[in-house]
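Novice: Give the three-dimensional model of this entry:
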Amino acid sequence: MAKFDAFTFLANRKRGIEPTPEDLDTFDPFMTQMVLSMKGYHNIIDRLNTKEFFDLPKSIQCMAYTSFDGYSLYAPWKKAKAGKKNKKDDDIHMIMKIYDLSRSEAESCIQFNTVDMDEVTELYCKIYEPEKINFRKSRKKKDK
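Specialist: Residues are numbered from 1 along each chain as shown. Take a look at the predicted model:
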């Protein structure tokens with residue numbers, strides 16, 4: 001069985017070349033992260049160095065690195081769109097008012113999914129914006 005070459009594997013990520021079946025079978029996440037650390041990619045290593053990632057099968061770990069295909073690993077992160085940020089702020093505001101929490105507590109509720117946002121929205125509409133509730137209208141009978 002061929003040994004895994006992390007240097008070639010990462011060079012192929014930059015070129016966008018698919019991992020070979022040998023790469024999938026012999027993938028070594030430790031060596032891959034070691035090569036990344038030699039090249040100064042500590043921010044990526046920190047995000048991938050989790051127990052959950054290392055519990056995945058080797059082939060899936062190998063394919064996870066294909067998300068970097070064709071990109072420079074030093075590329076800056078994209079900024080969030082304003083619409084998404086405003087929605088998150090609205091959600092935080094609703095949780096704060098409904099459950100009488102501080103901003104940091106409401107943010108942690110969203111981060112750890114401890115509240116159901118559909119329920120929060122429904123409660124908020126019932127309490128603070130009853131005019132926005134749409135009531136179902138009865139059907140009219142047709143005259144024959």
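
Novice: Could you list the domains of this structure?
Specialist: Following automatic domain parsing, one gets these domains for the chain: 6-68, 82-132.

Novice: Span of the first one from start to end?
Specialist: The reference is to domain 6-68. By Cα to Cα, to the nearest Å, the extent of domain 6-68 from end to end equals 14 Å.

Novice: Let me know the average pLDDT across that domain.
Specialist: For domain 6-68, mean pLDDT is 85.

Novice: any chance you could map the helices in the protein?
Specialist: Ranges of helices in the chain, per DSSP state H, are 6-15, 21-26, 29-38, 42-48, 51-55, 58-64, 82-99, 103-111, 117-128.

Novice: could those go into CSV alongside mean neighbour count?
Specialist: Using the backbone N, CA and C atoms, a C-beta is placed for each residue, glycine as well. As requested, the helices of the chain are exported to CSV (neighbours: other Cβ atoms under 10 Å):
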stretch, mean neighbour count
helix 6-15, 15
helix 21-26, 15
helix 29-38, 16
helix 42-48, 13
helix 51-55, 9
helix 58-64, 16
helix 82-99, 14
helix 103-111, 14
helix 117-128, 13
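
Novice: so what's the nearest residue to Phe68 once chain neighbours are set aside up against?
Specialist: Take Phe68 and drop its neighbours on the chain: the residue closest to it by Cβ to Cβ, 6 or more residues apart in numbering is Arg13, 4.9 Å away. For Arg13, the contact set (Cβ atoms under 8 Å, 6 or more residues apart in numbering) comprises 65-66, 68-69.
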